[in-house]
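*Asks:* Give me a model of this one.
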Amino acid sequence: MASSKNARKKRKPSDFLQFLALSIIAGFVTAGLLVPPTAAAGIAATSSINWFKGLPDNMSDGPLSKPSTLYANDGKTKLATFYSQNRTEVPLNKISQNMQDAIIAVEDRTFYDHGAVSPIGIARALVNNFMRPGNRQGASTLTQQYVNNLLIDAAEQSGGDANATIGANKGYIDKIMEMKLAISMEENKSKDEILEGYLNVVNLGGTNYGVEAASQYYWGIPASKLNPAQAATLAGMVQAPNLYRPDVNPEYSKERRNVVLGTMLRDGKITQAEYDDAVNSELDLDIHETDSGCSAAGDNAYFCNYAMTKLYQDESFGATYEDRVANIYRGGYKIVSTLDMNAQKSAKNVVEATQPSTNNPDDVNTSLVSVEPKNGSVVAMAQNSNYGDAQDDNSTSLYNYNVNAADGGTAGFQPGSTFKPVVLAQWINSGKSVNQVIDGTRLNYPADTRWSARCLDGGAYYYNEKPQGWTFQNAEGGYQQWGTVAFGLKNSINSFLYSMVNQLDLCDIQDMAGKLQIKDYQGNVAYRPNQLASNIGSVEVAPLTMASAYATFANEGKYCEPRSTTKVLDRKGDVKKEYKPDCSQAISKDVANGVSYVLKQVLVDGSGYQRGIGLPDASAAKTGTTDNSTQTWTVGYTKGLATASWVGNLAQGSRSLNNLSINGQSRDYVDGATYAGKQWQTFMQETARRYNTDQFAQPPANVTN
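*Replies:* Numbers count the residues shown, from 1 in each chain. So this is what the prediction gives:
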């Protein structure tokens with residue numbers, strides 16, 4: 001008596017009310033409402049039945065959470081898959097009969113005989129739960145379980161509390177709602193359709209949902225090939241997916257499997273011999289990991305990370321970042337990127353040839369990125385590290401060297417003399433000729449030298465940080481002379497460059513850099529009118545930024561925003577979002593063609609003379625080397641491809657590349673044409689001819705005379 005008394009004390013008044021509510025349901029359960037509709041057709045309505053019928057019945061069985069996949073530009077080559085639930089939906093005829101028999105035997109042996117709700121099961125659960133409140137028992141049919149799984153999936157997709165509908169978290173009213181939704185489902189679906197849906201939605205350990213994904217994960221076979229032992233293993237997991245995971249708790253899994261096999265034998269679904277073989281067999285797992293995200297994209301991982309980062313910034317996929325990630329991971333999207341697999345393979349090969357990531361004792365960093373000038377499509381993006389690889393000698397392998405921090409990259413690198421074409425562009429834009437002869441003899445401008453700067457106070461800038469004024473050096477001796485602007489630029493002579501700057505307005509140069517979208521990682525134009533060193537590339541920028549700026553010269557003045565995705569299709573194959581080229585005329589054709597006229601000479605008899613690609617009238621480039629050879633570049637283009645190649649230091653401050661071990665070699669002097677130039681040359685030789693290699697247009701006479 002004492003124990004019964006204590007049990008009653010544990011019950012709250014609300015428990016009794018909930019029990020009473022369920023008793024009402026039990027009343028019309030026994031009256032036949034919850035048996036198949038044909039059997040209940042003649043039953044008169046009562047007030048309790050009317051109340052029950054008034055509950056919502058708009059159960060939706062889809063769409064289920066489904067992985068999204070990123071593809072290369074061919075729309076066929078998979079780069080990576082993104083999911084919170086690894087699921088591959090298959091029809092019932094693609095699921096082995098063993099699996100169907102196992103799940104019915106252990107979860108709902110009379111599934112095909114009763115309606116949406118089992119009266120016997122409810123009665124048994126009512127008695128148990130009332131008499132033993134601390135040991136609650138369910139009464140769910142497969143249809144109810146299917147409904148519950150759909151509710152969980154819907155809650156997860158909408159950001160709701162998925163746990164609210166799981167097991168003991170459900171109250172009696174929740175259970176009644178589940179019954180009503182199950183009845184509605186059976187009025188609209190056949191038993192086979194319900195079984196098929198259930199076997200595609202149920203969790204089977206970790207992120208594996210549905211029997212097809214689970215079969216592939218645990219044994220590397222399709223669901224159609226599951227034998228009795230394997231089917232029983234999966235069916236046994238439904239009760240507690242992670243407790244009975246065969247790869248996590250094999251002993252528990254085998255015990256539960258054998259229970260399921262016993263129910264299959266009991267129901268005549270397997271023979272005694274099949275039962276004996278199965279219960280005595282090992283689990284025989286053959287785990288096939290299905291990695292989610294860019295870490296599984298191999299050599300394409302950095303591009304993958306860039307492309308997905310841009311998608312996560314697009315409000316078309318949700319109001320917040322968290323919403324966008326969740327929607328993409330569950331939306332079943334086909335994401336078609338701009339990546340050209342042939343170009344990408346070449347890019348990865350050349351950066352690894354410069355300095356292998358697997359043997360990099362001096363931690364030298366290399367990267368290459370290439371875009372199509374006509375549309376901004378990023379066709380290749382590579383660097384000499386392996387994304388997130390803890391074994392990589394390069395300790396910074398999570399950073400994408402090619403893009404800005406906001407897109408998963410870095411703060412950028414000083415571009416050195418690859419910035420000089422911006423000054424050249426403004427020179428032409430101001431009406432001056434590239435063959436004008438200027439004074440390239442000066443290496444010093446006194447402190448009282450006036451540098452025009454209309455955007456600064458007084459309309460001018462004076463360099464007075466040092467008593468002697470602005471002093472600099474040329475990279476090589478013997479070039480302090482008078483000569484043409486083209487001569488100074490193609491040979492990358494600083495004394496010529498500052499002679500040009502002194503005849504221009506510093507703020508106009510800044511505007512030109514802005515038109516070309518040369519910006520730092522904070523989105524500011526990468527030029528400082530009050531810093532003369534800006535003219536030789538002292539403000540850090542990303543390689544993709546430089547490739548896109550040079551693409552503007554190749555595209556006769558039209559700048560195209562870099563894009564990594566062309567379109568996103570929903571699970572039905574309809575276009576969710578199309579990313580069309582975003583291009584505009586940034587500078588005039590004459591200015592762009594004038595720059596190309598000069599930069600093509602770089603590869604003939606200028607600073608990159610040894611880096612030509614066999615297209616003297618259709619290729620152009622500029623090398624760049626910062627002070628002490630810390631960062632080195634070659635950025636160049638054809639009409640069809642603009643490529644930035646970089647070799648330098650990410651985490652080593654101002655360390656020089658001189659005398660470092662780079663692919664087992666050491667050089668006393670490293671400049672932009674050395675390693676970065678070789679990378680650019682090899683890649684363009686292998687790739688450029690698959691794109692437009694028409695000759696550059698000749699600029700008008702006023703630009704060249």
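*Asks:* pLDDT below threshold where in the stretch 301-450 of the chain?
*Replies:* Counting by pLDDT under 70, the stretch 301-450 of the chain has low-confidence residues at 388-396.
*Asks:* quick one, strands of it?
*Replies:* According to DSSP state E, counting those that start in this stretch, the stretch 301-450 of the chain carries its strands in the segments 334-337, 365-371, 378-383, 400-404, 409-410, 437-440, 444-445.
*Asks:* a markdown table please, covering those and showing distance to Gly483.
*Replies:* In short, each C-beta sits where N, CA and C put it, glycine included. Putting the strands of the stretch 301-450 of the chain into a markdown table (distance: least, Cβ to Cβ, whole Å) gives the following:
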| stretch | distance to Gly483 |
| --- | --- |
| strand 334-337 | 46 |
| strand 365-371 | 32 |
| strand 378-383 | 37 |
| strand 400-404 | 35 |
| strand 409-410 | 37 |
| strand 437-440 | 6 |
| strand 444-445 | 18 |
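*Asks:* could I get those as CSV with mean neighbour count?
*Replies:* Output for the strands of the stretch 301-450 of the chain, formatted as CSV (neighbours: other Cβ atoms under 10 Å):
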stretch, mean neighbour count
strand 334-337, 24
strand 365-371, 30
strand 378-383, 29
strand 400-404, 27
strand 409-410, 21
strand 437-440, 18
strand 444-445, 16
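*Asks:* Quickly note the distance from the residue lying closest to Lys334 once chain neighbours are set aside to Tyr209.
*Replies:* Among residues not flanking Lys334 along the chain, Leu569 sits closest, at 4.2 Å (Cβ to Cβ, 6 or more residues apart in numbering). Per Cβ to Cβ, to the nearest Å, Leu569 is found 22 Å from Tyr209.
*Asks:* Tell me which of those two has more neighbours.
*Replies:* Tyr209 (28 against 19; other Cβ atoms under 10 Å).
*Asks:* Just list the residues touching the more buried one, thanks.
*Replies:* Tyr209 sits next to Leu64, Ser65, Gln85, Asn86, Arg87, Asn200, Val201, Val202, Asn203 when contact means Cβ atoms under 8 Å, 6 or more residues apart in numbering.
*Asks:* Which ones among these lie within helices?
*Replies:* Asn200, Val201 (DSSP state H).
*Asks:* any chance of the contacts of Tyr209 in CSV, plus pLDDT and neighbour count?
*Replies:* As requested, these are exported to CSV (pLDDT from 0 to 100; neighbours: other Cβ atoms under 10 Å):
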residue, pLDDT, neighbour count
Leu64, 78, 21
Ser65, 83, 21
Gln85, 86, 22
Asn86, 87, 23
Arg87, 89, 24
Asn200, 95, 24
Val201, 93, 23
Val202, 95, 24
Asn203, 94, 19
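*Asks:* nearest to Phe487, of the contacts of Tyr209?
*Replies:* Minimum distance to Phe487 across the contacts of Tyr209 is 61.7 Å, recorded for Asn86 (Cβ to Cβ).
*Asks:* can I assume the closest one is in contact with Thr290?
*Replies:* Yes. Using Cβ atoms under 8 Å, Asn86 is in contact with Thr290, at 5.4 Å.
*Asks:* what residues do those two have in common as contacts?
*Replies:* Ala213, Tyr217.
*Asks:* State the distance from the residue nearest to Lys334 to Thr77.
*Replies:* Leu569 is 15 Å from Thr77, by Cβ to Cβ.
*Asks:* Same check on Lys580?
*Replies:* For Lys580, the distance to Thr77 - Cβ to Cβ - is 22 Å.
*Asks:* So which of the two has more stuff around it?
*Replies:* Taking other Cβ under 10 Å, Lys580 and Thr77 do not tie; Thr77 has more neighbours (14 against 9).
*Asks:* who touches stretch 278-291?
*Replies:* 81, 86, 213, 216-220, 227-229, 232-233, 246-247, 250, 253-254, 257-258, 261, 270.
*Asks:* and it, how far apart are its ends?
*Replies:* One end of stretch 278-291 to the other measures 31 Å (Cα to Cα, to the nearest Å).
*Asks:* Give the buried residues for that stretch.
*Replies:* Neighbour counts using 16 or more other Cβ atoms under 10 Å place Ala278, Val279, Leu283, Leu285, Thr290 of stretch 278-291 among the buried residues.
*Asks:* now stretch 250-270
*Replies:* So, applying 16+ other Cβ under 10 Å, buried residues of stretch 250-270: 252-254, 256-258, 260-265, 269-270.
*Asks:* just checking, Pro361 touches Leu660?
*Replies:* No. Checked against Cβ under 8 Å, the pair Pro361 and Leu660 is beyond contact range at 9.1 Å.
*Asks:* For those two, indicate the residue with more neighbours.
*Replies:* Higher neighbour count among Pro361 and Leu660: Leu660, with 19 against 10, using other Cβ under 10 Å.
*Asks:* Tell me the secondary structure of that one, please.
*Replies:* coil (DSSP: H, G, I helix; E, B strand; the rest coil).
*Asks:* can you tell me which residues contact the nearest residue to it once chain neighbours are set aside?
*Replies:* Spatial nearest neighbour of Leu660, chain neighbours left out: Asp362 (4.5 Å); criterion: Cβ to Cβ, 6+ apart. By Cβ under 8 Å, 6+ apart, Asp362 lies in contact with Leu660, Ser661, Ile662.
*Asks:* Can you tell me how far the second one is from Ser65?
*Replies:* This points to Ser661. 49 Å.
*Asks:* okay, and for the chain, where does confidence drop off?
*Replies:* The low-confidence ranges in the chain, as defined by pLDDT under 70, are 1-63, 119-139, 157-174, 388-396.
*Asks:* among the buried residues of stretch 278-291, which two are most distant?
*Replies:* Maximum pairwise distance in the buried residues of stretch 278-291, criterion Cβ to Cβ, is 29.4 Å, between Val279 and Thr290.
*Asks:* I figured Ala586 hits Ala513, correct?
*Replies:* No. Using Cβ under 8 Å, Ala586 is not in contact with Ala513, being 10.9 Å away.
*Asks:* So these two - more neighbours on which side?
*Replies:* Ala513 (23 against 20).
*Asks:* what are the ranges of the strands in the stretch 51-200 of the chain?
*Replies:* Taking DSSP E, counting those that start in this stretch as the test, the strands found in the stretch 51-200 of the chain are 68-71, 78-82.
*Asks:* Most tightly packed of those?
*Replies:* strand 68-71 (a mean of 22; mean count of other Cβ atoms under 10 Å).
*Asks:* Could you export it as CSV, keeping only the C-alpha atoms?
*Replies:* Extracted C-alpha coordinates of strand 68-71, given in CSV (Å, rounded to 0.1, in the frame of the first residue of the first chain):
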residue,chain,number,x,y,z
SER,A,68,23.2,20.3,-51.3
THR,A,69,26.0,19.7,-53.8
LEU,A,70,28.6,22.0,-55.3
TYR,A,71,29.6,21.2,-58.9
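*Asks:* Direction included, what does that strand pair against?
*Replies:* When pairing is defined by DSSP bridges, strand 68-71 lines up against strand 78-82 (antiparallel), strand 334-337 (parallel).
*Asks:* so which of the ones you listed comes closest to Leu544?
*Replies:* strand 334-337 (14.6 Å).
*Asks:* Pick out the residue nearest the middle of this protein.
*Replies:* Met308 (2.8 Å; Cα atoms, centre = their mean).
*Asks:* Tell me who's in contact with it.
*Replies:* Leu70, Ala80, Phe82, Cys294, Ile328.
*Asks:* Quick check: the nearest residue to the fourth one once chain neighbours are set aside vs Asp407, distance?
*Replies:* Translated: Cys294. Spatially, and ignoring its direct neighbours in sequence, Cys294 is nearest to Cys304 (3.8 Å; Cβ to Cβ, 6+ apart). Between Cys304 and Asp407 the distance is 12 Å, computed by Cβ to Cβ.
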